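In: Turn this into a model:
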Amino acid sequence: MGQGNYSHAAHAALVADRASASRNEVFTQRGCHPLMNPHGLKIRESRDSGDHPNSLGIVFALDVTGSMGDIPQSLATKELPTFMALLNAVGVADPQLLFMAIGDATSDHAPLQVGQFESTAELMDQWLTWSYLEGGGGGSGEESYELAFYMVAQHTDMDCWVKRRKKGYLFITGDELPYPAVSRHQIGSLVGDTLDADVPIAEAIAAAAETYHVFFLIPDLGRRGRCEKRWRDLLGDHVICMEEPGDACAVAAAIVGLTERAIPDMDALVATLEANAIAPQRVSAIVRALRPYADLLDPNAATRMHVPAAGTPAAPSAWWKRMFA
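Out: Coordinates of the predicted model:
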């Protein structure tokens, strides 16, 4: 998928038309849309074309349980055009977006929903707003984020990787812990795949990281306490603690720019954000959220004296750099 041209003006107008709409008015599905039902899904493709010769696959796997509806709503009513504008500003010419919706496979009716990779504003918006914001979730403090790692590893195919050995991007938004393994029973019932055994979460992440840069975005500082440590154990500084949910698009775009070396340093990031009308207080918050990851990319960071603030997690060991290179 991923045909057609992107128009920022069309996207901004589409979003502006619903800026004051309620969540239920924007997200009208009251069950899993048939085209987002993953059962029997073979592959989701991000392909080069005449319009997009250098496609880059980007997946947003959005937690749609009760506490996490703010981010999908923000994307659909305000922020998604900002993401695309920032990517364009740093020279990422051919992004192709796929939206997933993640719930809790132990309790929800639609714990996994999967869209298509798209390049046009209208189709990106279509898949995003076709997502069913079930608002469920279990009471165990865990959600089925591991399903996103499994799906991108086993059911996506990207020309950016196949042709150029350039990884795509997976951004998972959430505020809970992952389950310890991908359940073979859940994969059988939800997707139709047959697994011989459950897949430990670390193995699922490693499989996804072969072809994707993977990140977990925590929506605000108030929610980091219940999940940050476990996610840092799994992902190191690929865990990003934001200060408010509305920063998700700008943070994700900045991560792509920094990782692709299109944004050379944090000073350039500030200039890029300011040039794209990001408010000064939000620029400061975005920089604070991204500083640990930016230091991870900086080859000179390890040689500089750094005394972490109280409670700051230890830097990830070298094997994380190898896994996420």
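In: For this protein, give me the ranges with low pLDDT.
Out: For the chain, the stretches flagged by pLDDT under 70 are 1-2, 301-325.
In: Residue 197 belongs to a helix, doesn't it?
Out: No. Residue 197 sits outside any helix when classified using DSSP: H, G, I helix; E, B strand; the rest coil, being coil.
In: Give the burial count for it, as a bare number.
Out: 8 (other CB atoms under 10 Å). All C-beta spots, glycine's among them, are computed from the backbone N, C-alpha and C.
In: Please report phi then psi for it.
Out: When read as degrees, to the nearest 10, the backbone of residue 197 gives phi -160, psi 170.
In: what does the one 3 residues further on give?
Out: In terms of degrees, to the nearest 10, the main-chain angles of residue 200 are phi -50, psi 150.
In: Leaving out the residues flanking it, which one is nearest to it?
Out: The shortest distance from residue 200 to any non-neighbouring residue, by CB to CB, 6 or more residues apart in numbering, is to residue 181 (5.0 Å).
In: can I assume that neighbour is in contact with residue 195?
Out: No. Contact status for residue 181 versus residue 195: not in contact, 10.3 Å apart, counting by CB atoms under 8 Å.
In: In PDB, list the C-alpha atoms belonging to the longest helix seen in the chain.
Out: Determined from DSSP state H, the single longest helix within the chain is helix 280-297. Output in PDB follows, covering the C-alpha atoms of helix 280-297 (Å, rounded to 0.1, in the frame of the first residue of the first chain):
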ATOM      1  CA  PRO A 280       8.000  27.400  23.500                       C
ATOM      2  CA  GLN A 281       6.800  25.500  26.600                       C
ATOM      3  CA  ARG A 282       6.100  22.400  24.500                       C
ATOM      4  CA  VAL A 283       9.500  22.700  22.800                       C
ATOM      5  CA  SER A 284      11.100  22.600  26.300                       C
ATOM      6  CA  ALA A 285       9.000  19.600  27.300                       C
ATOM      7  CA  ILE A 286       9.800  17.700  24.100                       C
ATOM      8  CA  VAL A 287      13.500  18.300  24.600                       C
ATOM      9  CA  ARG A 288      13.400  17.100  28.200                       C
ATOM     10  CA  ALA A 289      11.600  13.900  27.100                       C
ATOM     11  CA  LEU A 290      14.100  13.200  24.300                       C
ATOM     12  CA  ARG A 291      17.400  14.100  26.000                       C
ATOM     13  CA  PRO A 292      18.200  10.500  27.200                       C
ATOM     14  CA  TYR A 293      17.600   9.100  23.700                       C
ATOM     15  CA  ALA A 294      19.500  11.900  22.000                       C
ATOM     16  CA  ASP A 295      22.500  11.100  24.300                       C
ATOM     17  CA  LEU A 296      22.200   7.500  23.300                       C
ATOM     18  CA  LEU A 297      22.800   8.500  19.700                       C
END
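In: same for it, what does it pack against?
Out: strand 239-241, helix 248-259, helix 266-275 (3 or more CB pairs under 8 Å, 6 or more residues apart in numbering; DSSP states H and E).
In: need the ones you listed in TSV with distance to residue 202 and mean neighbour count, can you?
Out: Compiled in TSV, the helices and strands packed on helix 280-297 are given as follows (distance: least, CB to CB, whole Å; neighbours: other CB atoms under 10 Å):
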stretch	distance to residue 202	mean neighbour count
strand 239-241	15	23
helix 248-259	22	24
helix 266-275	30	16
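In: what's the closest of those to residue 230?
Out: Among the helices and strands packed on helix 280-297, strand 239-241 comes nearest to residue 230, with 9.4 Å by CB to CB.
In: ok, residues contacting that closest one?
Out: With CB atoms under 8 Å, 6 or more residues apart in numbering as the test, strand 239-241 has contacts from 215-218, 221, 224, 228, 231-232, 251, 255, 289-290, 293.
In: Could you list the paired strands of that strand along with their orientation?
Out: strand 212-218 (parallel) (DSSP bridges).
In: Show me what counts as buried in the strand it pairs with.
Out: Buried residues in strand 212-218, counting neighbours by 16 or more other CB atoms under 10 Å, are found at 212-218.
In: what angle do that strand and helix 248-259 make?
Out: 140 degrees (axes from the mean of the first three to the mean of the last three CA atoms, to 10 degrees).
In: got the CA positions of strand 212-218 in PDB?
Out: Below are the C-alpha coordinates for strand 212-218, written out as PDB (Å, rounded to 0.1, in the frame of the first residue of the first chain):
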ATOM      1  CA  TYR A 212      12.000  -1.600  13.200                       C
ATOM      2  CA  HIS A 213      13.300   1.100  15.600                       C
ATOM      3  CA  VAL A 214      11.000   0.400  18.500                       C
ATOM      4  CA  PHE A 215       9.800   2.900  21.100                       C
ATOM      5  CA  PHE A 216       7.400   3.000  24.000                       C
ATOM      6  CA  LEU A 217       5.800   6.400  24.600                       C
ATOM      7  CA  ILE A 218       4.400   7.100  28.100                       C
END
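In: could you dump whichever helix or strand comes after that strand to CSV, C-alpha only?
Out: Downstream of strand 212-218, the first helix or strand assigned by DSSP states H and E is helix 228-235. Output in CSV follows, covering the C-alpha atoms of helix 228-235 (Å, rounded to 0.1, in the frame of the first residue of the first chain):
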residue,chain,number,x,y,z
GLU,A,228,8.6,2.9,33.3
LYS,A,229,11.0,0.5,35.1
ARG,A,230,9.8,-2.6,33.3
TRP,A,231,9.8,-0.9,29.9
ARG,A,232,13.3,0.4,30.5
ASP,A,233,14.4,-3.1,31.4
LEU,A,234,13.1,-4.2,27.9
LEU,A,235,13.9,-1.1,25.8
